[in-house]
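J.: coordinates only, sequence not included:
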């Protein structure tokens, strides 16, 4: 009778020990989140419609919605009753260092996944495909990259885009003056005010900036591109397999579900805050395939 009465106590003790052991077994980002009860999301202030500030200065967008799905998955995986979400602004120049040094756990924006960046950080499954083009005023008559010869153009500091236009300029010997801007909003403003003839950036971001401008009809996007469609991915720390496993599973499940189409249409096919612009950008066949077969590959040929 004594052993029988002690059995529930012994089982409870074993369960508690097992729980403690599993918590101790956690490493990297999952351990940090478990111990602090917090996860930090990095957001952009003008990467419409992926990650930007609305009328209330709240970060919103397609990539933010994806990140909140990941937060739900992390909370469930760690069996947490509550998980506090902290929001930390990042720029093109600071996003990789802030992921690498542990300040930010997930970067929710419009970051191109490529082989160079994968040497410093990791990416989860692709959430968009874009190409490197430029926006200019229609009145300028600029339609192709070769038209930029001898012109002053701008691109955002710390991006693959500014690297590509510098390489293109050097290779073709076009004598383009290339100015770096701190963010996309500043770069577009330089075209708007005539300080630059064109802004070189991902086509979807250019479309959103033009649509949000005072005169949407005054701008055009180049007919040619400097790149094949390139993948965007949510960024996380490198060499953190347990965390990446949770993040990859969460994004794969979301992209394969009908929810992803609803979320895409919300941000790309309907009026969005703060000015109710509509990008009218249907999901491409390439992105449909990427969602059907989620991949974190940086190779454009994989899509």
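T.: In hand now; what should we look at? Worth saying up front: this structure is predicted, and the values here are computed from it rather than measured.

J.: Residue 266 sits in which helix or strand?
T.: Per DSSP states H and E, residue 266 falls inside helix 258-268.

J.: on contacts alone, who are the packing partners of that helix?
T.: Using 3 or more Cβ pairs under 8 Å, 6 or more residues apart in numbering; DSSP states H and E, the elements in contact with helix 258-268 are helix 62-77. For every residue, glycine as well, the C-beta is placed using N, CA and C.

J.: now the helices: where do they sit in the stretch 51-200 of the chain?
T.: Along the stretch 51-200 of the chain, counting by DSSP state H, counting those that start in this stretch, helices occupy 62-77, 95-100, 160-172, 184-192.

J.: Contacts for the first one, please.
T.: With Cβ atoms under 8 Å, 6 or more residues apart in numbering as the contact definition, helix 62-77 has outside contacts at 30, 33, 39, 41, 43, 47, 49-51, 83, 85, 106, 108-110, 124, 127-128, 232, 234, 243, 246-247, 249-251, 253-254, 263-264, 266-268.

J.: returning to that earlier point: just send the helices of the stretch 51-200 of the chain back as a markdown table, with distance to residue 134 too.
T.: Listed next are the helices of the stretch 51-200 of the chain as a markdown table, based on distance: least, Cβ to Cβ, whole Å:
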| stretch | distance to residue 134 |
| --- | --- |
| helix 62-77 | 23 |
| helix 95-100 | 22 |
| helix 160-172 | 8 |
| helix 184-192 | 9 |
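
J.: what about these, which gets the closest to residue 142?
T.: When the helices of the stretch 51-200 of the chain are compared by Cβ to Cβ, helix 184-192 sits nearest residue 142, at 10.3 Å.

J.: That closest one to helix 160-172, inter-axis angle?
T.: 50 degrees (axes from the mean of the first three to the mean of the last three Cα atoms, to 10 degrees).

J.: on that earlier part again, kindly present the helices of the stretch 51-200 of the chain as CSV, with separate columns for distance to residue 223 and mean pLDDT.
T.: As requested, the helices of the stretch 51-200 of the chain are arranged in CSV below (distance: least, Cβ to Cβ, whole Å; pLDDT from 0 to 100):
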stretch, distance to residue 223, mean pLDDT
helix 62-77, 26, 98
helix 95-100, 30, 98
helix 160-172, 15, 97
helix 184-192, 17, 97
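
J.: Which of those helices sits closest to residue 114?
T.: helix 160-172 (6.3 Å).

J.: can you give me how far that closest one is from the chain middle?
T.: Here helix 160-172 is found 23 Å from its chain centre; the criterion is Cα atoms, centre = their mean, to the nearest Å.
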